[in-house]
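In: model the structure of this input:
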Amino acid sequence: MDIHAIGVNYNHHPVEEVSFPRVDTDALLLLTCNRAEVYYYGEEDDYLDLYDVEHFPSFRYKGRVAARHVIEVACGIKSMVLGDRHVFHQMKEAYDKSNVKEPIHELVQTAFQAAKAVQMNDSVPARAVRQAEPTQSALVIGAGQMAQDVISKLNCKTYVTNRTRSRAEKLQPETIGWDRRQSFSKQVETVFVTTGADTPVYQSNGSADVYDLSNPPNVEGKATRIDDLVTKRKEGLPRAKKICRRKTDEFMSWYDHYKNIKPAITSFNKTIEKVRLDQIEDHAKSEMEKKEVKRLTDSIIDKITAIPAKRLREIEKQDGISAENHVRAIQNLFTPEA
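Out: Prediction:
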């Protein structure tokens, strides 16, 4: 049993070919436009049979390497755009929807702490809009997350165009046809290109200030490139990696304590769970009622079982004090009867 991180990302395989099934799982499933990854505690081959994709997973990490990966993903260090904050919010959304328990819960919380410490909060869209100000009108080409962030920060008349017009209409009422993007750009002061095409989709004609926020570049001609906007972030990369190393060390120290006390916590949890299920079986009258009572008691059981785990970790962390005797006592007290 160990911590694992498996999946694919933009470096390995087209992510759009991967989809996660809706399953009740203790794993954290992170699916974005640039990565499809699973973080879990268990055996190495767990979860592999859930995904009918030839190239999934294209990477497998475990132990310290897996922990470091999760933390660096949250910090934006492994994003296509260095320091991208979208992945932090996407990971938080995935966590909120998940049913993760220790040690993945602690790992994700550590990753969030690291991301806040790195503070790469000056996003590429925010930097581009700030540099473009003041502008009276803008055309946003594309309808993905980057386009959405640009639109949210603009304070001017804004138009959107996208190959699929319905996607553009979801972001902004004022849309234009994809085929008009070149000619219409002469009517605005600023153009933001946020597409992710393999080849350029816009030709800079000098009539507007152009910001190419695509990777690879999607603008032919003069434009402020995404690389120009992330230069300062690259300067802060050594500091960010140092923070990630320190937070990984902190987590692995916690993880070592967790593995020491896990046998006792497992015995305690099994006993509490057996009592709960026995009581539900004895008193609930229907399957629907059993299901509802189980749902209502889930959070209660989680809070109860968290108490000894927290206290044993506190004991383990105290200098010169071993939790070994406490662990053995809990195991003896709460080992389920045969």
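In: any regions of the protein where pLDDT drops low?
Out: Applying pLDDT under 70 to the chain flags residues 10-25, 48-57, 83, 119-123, 229-235, 309, 312-313, 315-338.
In: how about the helices in it?
Out: Per DSSP state H, the chain carries helices over the ranges 63-75, 86-97, 104-118, 124-132, 145-153, 165-171, 181-184, 226-235, 237-283, 287-317, 324-334.
In: what sits against residue 210?
Out: Residues counted as contacts of residue 210 (C-beta atoms under 8 Å, 6 or more residues apart in numbering) are 190-191, 193, 202, 204, 219, 221-224. To be clear about C-beta, it is placed using only N, CA and C from the backbone, and glycine gets the same treatment.
In: that one bridge partners, please.
Out: residue 191 (DSSP bridges).
In: hmm, back to that, identify, from the contacts of residue 210, the entry nearest to residue 128.
Out: For the contacts of residue 210, the residue nearest residue 128 by C-beta to C-beta is residue 224; the value is 7.1 Å.
In: show me the contacts for that closest one.
Out: 128, 131, 209-212.
In: closest one to residue 163 out of those, please.
Out: residue 212 (17.3 Å).
In: what's the spacing between the closest one and residue 33?
Out: To residue 33, residue 212 is 18 Å away according to C-beta to C-beta, to the nearest Å.
In: higher neighbour count, the two?
Out: Ranked by neighbour count (other C-beta atoms under 10 Å), residue 212 and residue 33 place residue 212 first, with 29 against 15.
In: pretty sure that one contacts residue 220?
Out: No - with contacts counted by C-beta atoms under 8 Å, residue 212 stays clear of residue 220, the gap being 9.6 Å.
In: picking that back up, and the two most separated of the contacts of residue 210?
Out: 190 and 221, at 15.0 Å, using C-beta to C-beta across the contacts of residue 210.
In: grab the nearest non-local neighbour of residue 74.
Out: Leaving aside its sequence neighbours, residue 74 sits nearest to residue 111 (C-beta to C-beta, 6 or more residues apart in numbering; 3.7 Å).
In: quick one: residue 100 and residue 28 touch, right?
Out: Yes - taking contacts as C-beta under 8 Å, residue 100 lies within contact range of residue 28: 5.2 Å.
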